[in-house]
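Chemist: sequence and computational prediction follow.
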Amino acid sequence: MSQKLLQLKTSLFANHGQSSQLSDAFVAAWQLSRPGAQVTVRDFSADPVPHLDGAGFQAFLAKPEERTAEQQAKAAYADALVAELQAADVLVIGLPMYNLGIPSMLKAWVDHVFRAGVTFRYTETGPQGLLVGKKAYVFAARGGRYAGTALDMQTDYVRAFLGFIGITDVEFVYAEGLNMGEESKAAGLAGARAELTRIAA
């Protein structure tokens, strides 16, 4: 049975973003050794995920048979995002750093796929993720150098939200120092490309 990969491009700059280019390179290398693999790409710059509002949240809470037409549309959109994630064996996220955080549309995606009873459930011992058995790769592009410092608030957050829904096998590849001169940029990208080639095999 062929593997399925879901790629999330979260850069504002679409395919011109360094995180998008790194994740594209990984997916291409990954596919080479997996003939027949299926890849779904969701590019947030081309198809933005709307930020969750009160009406959307109420649509999730309402019983399906009691939803208004607007609520049905909002729930159906979120269900489609969840279905893509449920179907994937591998999740690839291109992750630029914006103002020390994750892109707002990635947060919007998180708000749509965090669904109690669907992607996680509450138990007597706490929340339990329901999307187990998946692998995630995160390609983080940063203008400065933050990995391992108190200013890297992305890594812990991404690990936490993926772990919350059951995806605990998460691997990060960092391209850092991209705005710290041409030499630093070249070194950061070269290191990231060498690492992605290794892990895609």
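Modeler: Here it is on my side, so go on.
Chemist: residues of the helix or strand encompassing residue 188 that come out buried?
Modeler: Using DSSP states H and E, residue 188 sits within helix 182-200. By neighbour count on 16 or more other CB atoms under 10 Å, the buried set for helix 182-200 is 184-185, 187-189, 192-193, 195-196, 200. In short, each C-beta sits where N, CA and C put it, glycine included.
Chemist: with stretch 15-28 instead?
Modeler: Buried residues in stretch 15-28 (16+ other CB under 10 Å): 17-27.
Chemist: can those go into JSON lines with extra columns for secondary structure?
Modeler: Conversion of those to JSON lines gives the following (DSSP: H, G, I helix; E, B strand; the rest coil):
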{"residue": "17", "secondary structure": "coil"}
{"residue": "18", "secondary structure": "helix"}
{"residue": "19", "secondary structure": "helix"}
{"residue": "20", "secondary structure": "helix"}
{"residue": "21", "secondary structure": "helix"}
{"residue": "22", "secondary structure": "helix"}
{"residue": "23", "secondary structure": "helix"}
{"residue": "24", "secondary structure": "helix"}
{"residue": "25", "secondary structure": "helix"}
{"residue": "26", "secondary structure": "helix"}
{"residue": "27", "secondary structure": "helix"}
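Chemist: now those residues in CSV, with pLDDT and distance to residue 176?
Modeler: Output for the buried residues of stretch 15-28, formatted as CSV (pLDDT from 0 to 100; distance: CB to CB, whole Å):
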residue, pLDDT, distance to residue 176
17, 96, 15
18, 98, 11
19, 98, 12
20, 98, 17
21, 98, 15
22, 98, 12
23, 98, 16
24, 98, 19
25, 98, 17
26, 98, 17
27, 97, 21
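Chemist: so where's this structure uncertain?
Modeler: 1 (pLDDT under 70).
Chemist: would you map the helices across it?
Modeler: Ranges of helices in the chain, per DSSP state H, are 18-32, 54-61, 69-87, 104-113, 153-164, 182-200.
Chemist: pull the residues that contact the second one.
Modeler: Spelled out, it's helix 54-61. With contact meaning CB atoms under 8 Å, 6 or more residues apart in numbering, helix 54-61 is reached by 50, 67, 70-72, 74-75, 78, 112, 115.
Chemist: if we go to 7 Å?
Modeler: With contact meaning CB atoms under 7 Å, 6 or more residues apart in numbering, helix 54-61 is reached by 67, 70-71, 74-75, 78, 115.
Chemist: start to end distance for stretch 2-22?
Modeler: This stretch, stretch 2-22, spans 23 Å end to end (CA to CA, to the nearest Å).
Chemist: pull the number of nearby residues for the residue nearest to residue 153 when sequence neighbours are not counted.
Modeler: Nearest residue to residue 153 in three dimensions, chain neighbours excluded: residue 100, at 5.7 Å (CB to CB, 6 or more residues apart in numbering). Residue 100 has 12 neighbours, counted by other CB atoms under 10 Å.
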